[in-house]
Every structure is written in structure tokens, then in C-alpha cells.
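Q: what follows is a predicted protein model with its sequence.
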Amino acid sequence: MENSDIVYGLHAVTESLKAGTVNKLYIDDKIKGKNLEQIKALASEKKVNISWTSKAELAKLSEDGVHQGFLARVAPFPYVEIDQLIDQLKDKENATLIILDELTDPHNLGAIARTADATGVDGIIIPKHRAVGVTPTAVKASTGAFEHLPVARVTNLSQTLEALKSAGFWVFGTDMAGTSYNKWNTGGKIALIIGNEGKGISQGLKKQVDEMVSIPMVGHVQSLNASVAAAVLMYEIFRNKG
């Protein structure tokens, strides 16, 4: 079981320090170089104590994650309430939200967050059950994007879709039989659902979608990794919104 109060890796630790969420910092006692000096300066600025730690202990704390010599204990991830997120976007005409339906791979979650931050997405919505949360692995894969991106964790995705529709969002899903993404009308407020890595979007949610969007493929493998598919579609929204 991963400790939800630990982040590791240079970028994730740097962004957590900048955000002021680090309670304790652990650094490889043999590490040298400019990255070390930058982290030390940030820690000093934020008044965070450094614990000089062996590489073996860092490996144990990160559960053999790629820590790059830097690990931090942080405050628990601050999920936002879905009502609060919707309210924050009520006056934004081109708001974009990404909804992840039972995504289970923390690397995918982190990669999606990284692209979401890069393309100006306004937030991510994930379910509380049968899905990955913002774990240390996801934070590492996001290279610090979670420090800049609201994430709402909800009990019922179906009810959330109804609330989004009431707030003026168009809800889109991803499916092989949908409208080709290059013919997709991305105007207005968009909520895009990315399905589970294996089974895609659940049947119940499919019934609530306004339109399905597809990514044309000519290869032998007729599906893309969830984070890659999400990236293609997020960049299409970003391109169209200028």
C-alpha cells in the first residue's frame, strides 16, 4: 500500500516545496550537483528541514520508486469538492474538465494530469471507488502538475454528469464508433470522459454522453493507451480554443 503522504523525484519534490506542502525533506546523503543546490535553496526559503538519508532508505521509503535522490513527506492531497469546482467555472465559457472512469494505473493518471496542465484543462474528476487516486507514483509521473490542477473525487460519476449538464457542460466520451476527433465541435464547456484501460467507458455512463468521439487508427492494434488517447483529445480542444 503506497503512503499517500510521500512524493519523490526531482520535479515532484520541487513543485511540492514551491507549493508549501512539504513537512519533511529527505535527500540522498551522497548526491551532489546543481539540482541539490536548487532543492536546498528552496528548502531553506520554505523553512523545511532536510534529513540526509542513505539511498537504501530512500528506496525503502519510495517502495523502490525512481526517487532521483529526493523524497518528501507532504500534507495529504487536497481534493476539491465537485460543487466547488463547478462553481469556480460557472462564468468560464470554454471550461474543460477531464473525467476518468475507473482508471487504475497511477502512471496513466499522472501522465494525463501532466498533459491537462500543459493544455489549460480546468480540472480532473475521478471516482472514489474502483479507481486510482493521487498516489506518490501518480504525482511522480505528473512531474508536479497536481500542484496546479484541481482534482475532485466523487462518489457517483453518473450524478456528477447530471450536475455538469445542468451547469452547461457538453459531455463527450471516447469510443471506436464515435465522431472522428478532427470533426469534433469543441466549442463551449466540455467534460471529456476517458474510460478504463481495459474495458473503456462503463455502459451506464455511455447512456449519458452527448456524443462519442473517436481517434482514427490504421495499425494492427485498435486501441491507444488511455493517457495517449487523452493527450490527443486534450490537444485537439486546446488547438480549437486557440
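A: Structure received.

Q: quick one: mean pLDDT over the lengthiest helix in the chain.
A: If you go by DSSP state H, the chain has its longest helix at helix 226-240. The pLDDT scores in helix 226-240 average 94.

Q: what's the longest strand in this protein?
A: strand 169-180 (DSSP state E).

Q: which SS state does the spatially most central residue of the chain fall under?
A: Using CA atoms, centre = their mean, the residue of the chain that lies closest to the mean C-alpha position is Ala113, 2.8 Å off. Three-state assignment for Ala113 (DSSP: H, G, I helix; E, B strand; the rest coil): helix.

Q: isn't it up against Ser142?
A: Yes - in this structure Ala113 lies within contact range of Ser142 using CB atoms under 8 Å: 4.1 Å. Yep, even glycine has a C-beta here, placed from its N, CA and C like the rest.

Q: and the longest strand of the chain, what does it pack against?
A: Applying 3 or more CB pairs under 8 Å, 6 or more residues apart in numbering; DSSP states H and E, one finds that strand 169-180 makes contact with helix 157-166, strand 189-194, helix 203-206, strand 211-214.

Q: and among these, the most buried is which?
A: Counting by mean count of other CB atoms under 10 Å, strand 189-194 has the highest mean neighbour count of the helices and strands packed on strand 169-180, with a mean of 24.

Q: with only the CA atoms kept, save that strand in PDB.
A: The C-alpha trace of strand 189-194 is given here as PDB (Å, rounded to 0.1, in the frame of the first residue of the first chain):
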ATOM      1  CA  LYS A 189     -18.000  24.000 -21.900                       C
ATOM      2  CA  ILE A 190     -16.600  20.400 -22.300                       C
ATOM      3  CA  ALA A 191     -16.400  17.400 -20.000                       C
ATOM      4  CA  LEU A 192     -14.500  14.600 -21.600                       C
ATOM      5  CA  ILE A 193     -14.700  11.100 -20.200                       C
ATOM      6  CA  ILE A 194     -11.700   8.800 -20.600                       C
END
